[in-house]
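*Asks:* build me a structure from this.
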Amino acid sequence: MRLFVAIPFDVRMRKALTALLRDLRRSGFEGNFSQTENLHLTLAFIGENDNAAGVISTLEQVYCPAFDLKTQVLGHFGDLIWLGLTYSKDLENLAMSVRKNLQTAGIEIDHKAFKPHITLARRTNIERLGEQALPAFPQQRMTVSSFSLMSSERERGKLVYRELANFPL
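*Replies:* Prediction:
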């Protein structure tokens, strides 16, 4: 099964992100928008792994105090629209701790640099509309009090994420 480690969003943040997705569509953006229930912040992508119990055991060893997460700015990588986050040493420490523990346990992960962002839409028409068409989005804040091990699979053509375990901070 495909696994990844992520920070789930609280109800208030999820509502704000849902409104942002609606505003993107109203602003004329088209593309493959993230499903509201799938919105998350990835800390580490594991990929195919059939030892979820071993991953859970490893992630239980991660320690980090709770901290605040703040959104910053809308942007894009090519035709992918994302929401950036304000730099946080605590967030970086959590991501690095998760990645180090997984690697130390011999669990393969994607080694791309950690660039905290929330993917909102893929294969969009932003190159035609231009970055100036992105709607305004007031800064949002939430307290990160846990992280999760998630699985990803396709069901009836739809990507479905499931929480396999949650780890309180």
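*Asks:* SS state for the residue of the chain most remote from its centre?
*Replies:* Going by C-alpha atoms, centre = their mean, the residue of the chain most distant from its centre is R128, 26.0 Å out. State at R128, reduced to three classes by DSSP: H, G, I helix; E, B strand; the rest coil: helix.
*Asks:* distance check, it against F29.
*Replies:* To F29, R128 is 10 Å away according to C-beta to C-beta, to the nearest Å. No exception for glycine: its C-beta is placed from N, CA and C like everyone else's.
*Asks:* so L94 makes contact with Y63?
*Replies:* No - counting by C-beta atoms under 8 Å, Y63 is not a contact partner of L94; they are 9.4 Å apart.
*Asks:* between those two, which has more neighbouring residues?
*Replies:* Comparing L94 with Y63 by other C-beta atoms under 10 Å, the one with more neighbours is L94, at 23 against 11.
*Asks:* surely that one is in a strand?
*Replies:* No - counting by three-state DSSP, L94 is not part of a strand but helix.
*Asks:* find the nearest non-adjacent residue to it, please.
*Replies:* Distances taken as C-beta to C-beta, 6 or more residues apart in numbering put C64 closest to L94, at 4.4 Å, once the chain neighbours are dropped.
*Asks:* what's around the one you found, how many residues?
*Replies:* Neighbour count of C64, defined by other C-beta under 10 Å: 17.
*Asks:* quick check: it touching L169?
*Replies:* Yes - judged on C-beta under 8 Å, C64 makes contact with L169 at a distance of 5.3 Å.
*Asks:* now the residue nearest in space to the middle of the chain: how far from S34?
*Replies:* With distances taken as C-alpha atoms, centre = their mean, the residue of the chain nearest its centroid is L41 (2.0 Å). To S34, L41 is 12 Å away according to C-beta to C-beta.
*Asks:* what mean pLDDT does stretch 16-36 have?
*Replies:* The average pLDDT within stretch 16-36 is 96.
*Asks:* one step back: for the residue nearest to L94, helix, strand, or coil?
*Replies:* Classification of C64 using three-state DSSP returns coil.
*Asks:* give me the pLDDT value at it.
*Replies:* Per-residue pLDDT puts C64 at 95.
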